[in-house]
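Peer 1: Any chance you could fold what I've pasted below:
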Amino acid sequence: MIIPNAVERLIAWRYLRSKRRDGFVSLITAFSMLGITLGVATLILVTSLMNGIREEMTSRFIGIDGHVSVYGNGAALSLQDTMVTDVVDSMAGVTAHSQKITGQVMATHQQMAVGAQVMAQPDYQNWPMLSDAMGEDVSQGLLAGDGVVLGYRLADKLRLEVGDSVTLISPQGRATVAGFIPRMKAYTVIGTINLGMHMFDSSLILMPFADAGIYFQYAQEGIQTSYEKLDILLDQATKAQEVAAQIAAKLGPDYRVYDWQRSNAGVFSALVVQRNVMVVILTLIILVAAFNIISSLIMLVKDKGKDIAVLRTFGTPRASIIRIFCLCGVYIGMVGTVVGVVLGTVMAENIERIRRFVEVLTGQELLVGDIYFLSTLPTKTEMAEVVTIAATSLILCFLAALYPAWRAGRIRPAEALRYE
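Peer 2: Residues are numbered from 1 along each chain as shown. The predicted structure follows:
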């Protein structure tokens, strides 16, 4: 019979209970359980954190740009050309699209200068991350051309407040007899925006679409005639590659089409590599704990040699002895895994509170906005990954128990009781 019976389960459980004469064995067993617990909890926490960071960064990048972007092949897109919008409107899954203009500038105020990224589009209602962060009044002022909106960190760096004037300097200037003259223009700050992502909060400037067209020379004789790209939102982010390929096939070689994964390939590739490396490293913790199970069970087998001999003398088959000690390893793994799953899930749900507590306790900032993309620690615990981690832990613990159980089954009663 492969499934252990009640007697075998009872004996295995009694062998793991702490006794005075085999307290050292029980101590090693406790450390094995602790190793399994820490390995499982840490692995769940890290995978949840990496999932949360990926989802948060995806939503932020898409919230600023779009799932798919269409560019002209070496030239700007004409406002009079409706071919691109007609093709996009005919695609299934497209929920919204908007013309965009972006550009690099130097923002200056009171002898302070910071590099910034300017972005402009005709409307913002289909980009809720931007419209919600600005508020209705600021959004309406931006659409009316009253001024520009700065990321709140950028405004702090330049010591700007609402109503102040910021001067934008573009490297795309004009050549004169006196030399090259960069383009400069002052704009009124009508508001600030907090997107929760340091990269944008410290560099983003939202400009009225018409002003951006003139400033970045998408206009002729003061009338805007073109724009840089068309950003497209889909009902599902996973469709981006498929839709981008379909749009590219219909538009032909005169246009370039990118999906959000391709546009931000470097960032997301780094996240994937980092996640895989962390999973491998933390799995080694569980593997080390499994080796501790081997050592603790070998010592348990040696300590219980006389008991095993007595059981064999009473007619207990060798397979039953093997199952008893396999159960010991499984019990250690089960307790450690269950506690680790609970601990890891609880920590993942409260990681932001834990971070703030550690910062208060140590007096140091753990998540430095100038270094990391995010200012908070998002998590997303997926049940399938939790089940996979728990199953892997239990399998490793079972495999670790096989050799000590096999050793226990090979004990000969006569040799074990020879000197008794």
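
Peer 1: With just CA atoms, put stretch 101-119 into CSV.
Peer 2: C-alpha atoms of stretch 101-119 as CSV (Å, rounded to 0.1, in the frame of the first residue of the first chain):
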residue,chain,number,x,y,z
ILE,A,101,3.7,65.8,-29.9
THR,A,102,6.7,65.2,-27.6
GLY,A,103,10.1,66.9,-27.4
GLN,A,104,13.1,67.4,-25.1
VAL,A,105,13.7,70.9,-23.6
MET,A,106,15.6,72.7,-20.9
ALA,A,107,13.3,74.2,-18.3
THR,A,108,14.7,77.3,-16.6
HIS,A,109,13.6,79.5,-13.7
GLN,A,110,15.6,81.9,-11.6
GLN,A,111,19.0,80.7,-12.8
MET,A,112,18.0,77.1,-12.3
ALA,A,113,17.8,74.7,-15.3
VAL,A,114,16.5,71.1,-15.5
GLY,A,115,16.1,68.8,-18.5
ALA,A,116,12.4,68.0,-19.2
GLN,A,117,10.1,66.0,-21.5
VAL,A,118,7.3,68.0,-23.1
MET,A,119,4.1,66.2,-24.2
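
Peer 1: what does it contact?
Peer 2: Around stretch 101-119, the neighbours that count as contacts under Cβ atoms under 8 Å, 6 or more residues apart in numbering are 64, 100, 120-121, 150, 154, 157-160, 164-172, 203-207, 209, 212-213, 215-216, 218, 227-229. All C-beta atoms are positioned from the backbone trio N, CA, C, and that covers glycine.

Peer 1: which parts of it are buried?
Peer 2: 101, 102, 103, 105, 107, 108, 109, 114, 116, 117, 118, 119 (16 or more other Cβ atoms under 10 Å).

Peer 1: what's the burial count for residue 272?
Peer 2: 11 (other Cβ atoms under 10 Å).

Peer 1: Which helix or strand contains it?
Peer 2: Using DSSP states H and E, residue 272 sits in helix 265-303.

Peer 1: In contact with residue 332, which residues?
Peer 2: Residue 332 neighbours (Cβ under 8 Å, 6+ apart): 16, 29, 32, 33, 36, 293, 296, 397.

Peer 1: Could you identify the most distant pair in these?
Peer 2: 16 and 36 (13.7 Å; Cβ to Cβ).

Peer 1: ok, the two, which is more surrounded?
Peer 2: It is residue 36, of residue 16 and residue 36, that has more neighbours when counted by other Cβ under 10 Å, with 30 against 20.

Peer 1: Skipping its backbone neighbours, what lies nearest the more buried one in space?
Peer 2: residue 336 (2.8 Å; Cβ to Cβ, 6 or more residues apart in numbering).

Peer 1: Contacts only, for that neighbour.
Peer 2: If you count contacts by Cβ under 8 Å, 6+ apart, then residue 336 has 32, 33, 34, 35, 36, 37, 40, 289, 393, 397 around it.

Peer 1: Return the per-residue confidence for the second one.
Peer 2: Residue 33 is assigned 82 on the pLDDT scale.

Peer 1: Which of the buried residues of stretch 101-119 fall within helices?
Peer 2: Using DSSP state H, no member of those sits in helices.

Peer 1: Out of the residues you listed, name the two that are farthest from one another.
Peer 2: Among those, 101 and 109 lie farthest apart (Cβ to Cβ), at 22.6 Å.

Peer 1: For residue 182, grab the count of nearby residues.
Peer 2: Neighbour tally, residue 182, other Cβ under 10 Å: 12.

Peer 1: doesn't residue 169 make contact with it?
Peer 2: Yes - if you go by Cβ atoms under 8 Å, residue 182 and residue 169 touch, sitting 5.3 Å apart.

Peer 1: So, low pLDDT: which residues of the protein?
Peer 2: Confidence mapping of the chain against pLDDT under 70 gives the ranges 1-5, 17-26, 173-181, 221-222, 265-268, 303-304, 365-375, 413-420.

Peer 1: tell me the centre residue of it?
Peer 2: residue 53 (2.6 Å; Cα atoms, centre = their mean).

Peer 1: Do I have it right that that one meets residue 274?
Peer 2: No - using Cβ under 8 Å, residue 53 makes no contact with residue 274, being 9.3 Å away.

Peer 1: Show me the chain divided up by domain.
Peer 2: In terms of domains, the chain is parsed into 6-59+268-415, 98-236 (source: automatic domain parsing).
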